[in-house]
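> Just need the structure, nothing else, for what follows:
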Amino acid sequence: GYSEGSHNTAEFDITPYMVKGENEIVAVLHKWSTGTFLECQDMFRENGIFRDVLLYELPKTYINDYYLRTSKKAGTYSLSADIAVQGNTVGYTVEITATDKEGKVLFSNEAPANEQMNFENLYVVEWNAEIPTLYEVFITLKKEGTPVHSLRSYLGFKNVKINKNVYLFNDEKIKFKGVNHHDTNPKTGYVMSIEDIEKDLTLMKQLNVNAIRTSHYPPDPHLLMLADFYGFYVVDEADIETHGCGCSPHNKINLISNDVNWIPRYVDRCVRMYSRDRNHCCVSMWSLGNEAGGITCQDACYDVLHKL
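Predicted structure coming up:
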C-alpha cells in the first residue's frame with residue numbers, strides 16, 4: 001500500500017502476503033512527495049514514523065467501522081447507528097447498548113448485520129466542555145447468538161448551529177477560550193505518550209482553557225478521547241497548509257488550492273480526518289485547511305463533508 005498525509009491514519013490489509021512462520025514487514029518513508037506541498041506548516045520539521053503502528057488479527061467476519069450519528073429535535077435526541085460488518089454475514093447479528101455512568105440503559109437493540117438501527121425520543125444530559133457527560137457504548141457482533149467481536153466506545157450528545165454570525169452550542173452562545181496545540185515533546189519530537197497529552201490537557205483546564213485547535217492536522221487519536229472525557233471544544237484540522245506557495249518565486253498562496261488537479265488530494269485528507277474522528281463529541285468544527293489560500297479545492301472538501 002501507499003499513503004500520503006503524515007498525520008492521517010492509514011490501514012493496509014496484509015492477509016494475502018502472510019506466510020506461516022516468520023514474516024517481515026518493510027515500511028519505506030519518502031521524505032518528499034506531493035504531500036509535501038500540503039504540509040508546509042509553521043512547526044519544527046521532523047521525519048519518521050511518529051504515531052502508533054499496530055498489527056492485529058480479526059475474525060473472518062468482523063466489525064470494520066461504526067458511525068453513531070445524533071440529531072436533536074423538539075428537545076429530544078435521536079440516534080442512527082451504522083455498524084459496518086465485513087465478511088460473510090449470514091447468521092450474524094449486531095447488538096448495541098448504551099448506558100449512563102450509573103449503568104442505566106439509555107438504549108439497546110439487536111439487528112441483522114449491516115442493518116441500520118435507529119433510536120428516537122432519547123432524553124439525555126447533553127455534553128459540553130463544563131460538564132462532559134458521556135454514555136458508554138458496547139457494540140457486539142454475534143454469530144447465532146454467540147459474541148465473536150466486541151467494541152467499546154463513548155458517546156456524547158451535542159447540537160451545533162450557526163445563527164447568522166453567532167455560534168450556538170446546545171442552543172447557547174459560548175466563547176472558545178482556546179489554544180493551538182501541536183503534538184510535540186522536547187525530547188521525542190512529534191511522538192507524544194498518552195501521559196504527555198493528559199498533562200497538556202490538565203494544564204489547559206487549570207488555566208481556564210476550554211478549546212483546542214489541533215494545529216494543523218488531525219491529532220494523536222488519544223487527544224480526542226481525552227478531550228471527550230475532560231471537556232474541550234476541538235477544532236479538528238485536516239493536515240492542509242500550503243503557505244510555501246506564497247513564497248518566492250511564485251508568491252501565489254492559491255497556486256494549488258485553486259487547481260482542480262489537486263482536488264483528490266485535498267478531499268482525501270478531509271475525508272480521512274472526518275472518518276476517523278466523527279464519533280468524538282468534542283469535535284466542534286472541521287477545518288478545510290490552514291494558510292492554504294483557496295478556494296476551488298476547499299469548496300470540493302466542503303461539499304464532500306456536507307454529503308457525509
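> So which residues of this protein form helices?
35-38, 194-206, 221-230, 263-277, 296-307 (DSSP state H).
> Tell me how far the residue sitting furthest away from the middle of the chain lies from Ile256.
For the chain, the residue at maximal distance from the C-alpha centroid (Cα atoms, centre = their mean) is Pro249, at 36.2 Å. Separation of Pro249 from Ile256 (Cβ to Cβ, to the nearest Å): 15 Å. Using the backbone N, CA and C atoms, a C-beta is placed for each residue, glycine as well.
> before we move on, back to that, will you turn the helices of the chain into TSV that also has mean neighbour count, mean pLDDT and distance to Asn47?
Shown next, in TSV, are those (neighbours: other Cβ atoms under 10 Å; pLDDT from 0 to 100; distance: least, Cβ to Cβ, whole Å):
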stretch	mean neighbour count	mean pLDDT	distance to Asn47
helix 35-38	19	93	11
helix 194-206	15	98	20
helix 221-230	20	98	21
helix 263-277	19	97	19
helix 296-307	16	97	26
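> among these, which is nearest Asn128?
Taking Cβ to Cβ as the criterion, helix 221-230 is the member of these that comes nearest to Asn128, at 11.6 Å.
> can you pull the contacts of the residue most central in space within the chain?
The residue lying closest to the centre of the chain (Cα atoms, centre = their mean) is Asp277, at 1.4 Å. By Cβ atoms under 8 Å, 6 or more residues apart in numbering, the residues touching Asp277 are Pro218, Pro221, Leu224, Asp236, Val283.
> ok, now with 10 Å
Asp277 makes contact with Thr9, Thr214, Pro218, Pro219, Pro221, Leu224, Val234, Asp236, Val283, Trp286 under the criterion Cβ atoms under 10 Å, 6 or more residues apart in numbering.
> Same question for Phe44.
Here Phe44 is in contact with His182, Thr184, Gly189, Tyr190 (criterion: Cβ under 10 Å, 6+ apart).
> contacting residues for Val271?
If you count contacts by Cβ under 10 Å, 6+ apart, then Val271 has Asn8, Ala238, Cys301, Val304, Leu305, Leu308 around it.
> Per-residue confidence, the last one, what does it come out as?
Spelled out, that is Leu308. pLDDT recorded at Leu308 is 93.
> how close does it sit to Ala10?
The value you get for Leu308 to Ala10, if Cβ to Cβ is used, is 19 Å.
> before we move on, what about the second one?
Applying Cβ to Cβ, one obtains 15 Å for the distance of Ala238 from Ala10.
> Of the two, give the one with the bigger neighbour count.
Shown here are Ala238 and Ala10; by other Cβ atoms under 10 Å, Ala238 has more neighbours (31 against 12).
> can you pull the contacts of that one?
Contacts of Ala238 (Cβ under 10 Å, 6+ apart): 5, 7-8, 38, 214, 216-218, 266-274, 286-290, 292, 298, 301, 305.
> Could I get the average pLDDT for stretch 83-103?
Mean predicted confidence for stretch 83-103 is 98.
> Show me which residues of that stretch are buried.
Under the neighbour-count criterion of 16 or more other Cβ atoms under 10 Å, stretch 83-103 has Ile83, Val85, Gln86, Thr89, Tyr92, Thr93, Val94, Glu95, Ile96, Thr97, Ala98 buried.
> Tell me which of those residues fall in strands.
Ile83, Val85, Gln86, Tyr92, Thr93, Val94, Glu95, Ile96, Thr97, Ala98 (DSSP state E).
> got the residue ranges for the strands in the stretch 151-300 of the chain?
160-163, 166-169, 172-173, 178-180, 211-213, 233-236, 241-242, 283-286 (DSSP state E, counting those that start in this stretch).
> before we move on, the earlier item: so which of the contacts of Phe44 would you say is closest to Lys72?
Ranked by distance to Lys72 (Cβ to Cβ), these are led by His182 at 33.6 Å.
> my guess is that closest one meets Met43, correct?
Yes: counting by Cβ atoms under 10 Å, Met43 is a contact partner of His182 at 5.7 Å.
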